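Enquirer: Just the structure for this:
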Amino acid sequence: MDKQYKMALIKSCRGFSPKFGSDCWMAENATIVGDVEMGNECSVWFGAVVRGDVNSIRMGNRVNVQDGAVIHCTYEKTKTTLGNNVSIGHNALVHGCTVEDNVLIGMGSIVMDNCYIESNCIIAAGAVLLENTRVESWSVYAGIPARKVKTLSPELFEGEVQRIANNYVKYSGWFKEQE
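Expert: Got it, this is the predicted structure:
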């Protein structure tokens, strides 16, 4: 096992063991369980849980799961799929859904089963996407329940979605240097 995973709690479940791409980093108290596959340059931060015990979780490249976030799914019902350059904000809950590329899921937000978030979107902090919600590309969703509040501008896309994804690759590098 690579040294950057040595402190995280990584467990097999039902015959599945987590698989990691190259250059990933997990905090010492991150938990990754079961049928989880990550791409390259992913990071799972302090107190975050990626729980593939009841169904599969697939993550693309450059996905960051920030402090206290939970990614899970529903037994025999929903899987979770995250594309490339996806940022899961602090204390967010992402459950049994599909998230395409270049998406920011804000702090404390909840994404329920069977939601589908198309590429290039922001789910605002504290938003709640109810089951079966589809978020169209280039949208910003906010509120409880979440609704489209505006179209994502190229400036906001670059300044938030891309910036945060890039920063978390950089931040994880700071910790890799210490190991």
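Enquirer: Show me the shaky parts of the chain.
Expert: 1-6 (pLDDT under 70).
Enquirer: now do 50
Expert: Where the chain drops to pLDDT under 50, the residues are 1.
Enquirer: Wait, A142 touches V149, no?
Expert: Yes: between A142 and V149 there is a contact at 4.7 Å, judged by CB atoms under 8 Å. (Glycine included, C-beta is placed from N, CA and C.)
Enquirer: The two: which is more packed in?
Expert: Set A142 next to V149 and count neighbours by other CB atoms under 10 Å: A142 wins out with 18 against 13.
Enquirer: before we move on, the earlier item: give me the common contacts of A142 and V149.
Expert: Shared contacts of A142 and V149 (CB atoms under 8 Å, 6 or more residues apart in numbering): A124.
Enquirer: after the longest strand belonging to the chain, next one along is what?
Expert: For the chain, the strand that runs over the most residues, judged by DSSP state E, is strand 49-59. Heading C-terminal from strand 49-59, the first helix or strand you meet, by DSSP states H and E, is strand 64-65.
Enquirer: Who are the packing partners of the helix or strand just after that next one?
Expert: Under the assignment DSSP H and E, the closest C-terminal helix or strand after strand 64-65 is strand 70-72. Packing partners of strand 70-72 (3 or more CB pairs under 8 Å, 6 or more residues apart in numbering; DSSP states H and E): strand 49-59, strand 80-82, strand 93-95.
Enquirer: Mean neighbour count for those strands - can I get that in TSV?
Expert: TSV is the format used below for these (neighbours: other CB atoms under 10 Å):
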stretch	mean neighbour count
strand 49-59	21
strand 80-82	24
strand 93-95	22
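Enquirer: looking at the ones you listed, which is closest to E179?
Expert: strand 49-59 (20.0 Å; CB to CB).
Enquirer: What is the closest one packed up against?
Expert: Counting contacts by 3+ CB pairs under 8 Å, 6+ apart, strand 49-59 is packed against strand 31-37, strand 70-72, strand 80-82.
Enquirer: List the contacts of the first one.
Expert: I take that to be strand 31-37. Here strand 31-37 makes contact (CB under 8 Å, 6+ apart) with 8-14, 16-19, 26, 44, 48-59.
Enquirer: right, and V128 touches P145 too?
Expert: Yes: look at V128 against P145 with CB under 8 Å: they come within range, at 5.5 Å.
Enquirer: list the residues that contact both of these two?
Expert: The overlap between the contact sets of V128 and P145 (CB under 8 Å, 6+ apart) is empty.
Enquirer: higher neighbour count, these two?
Expert: Legend: neighbour count by other CB under 10 Å for V128 and P145, higher for V128 (18 against 13).
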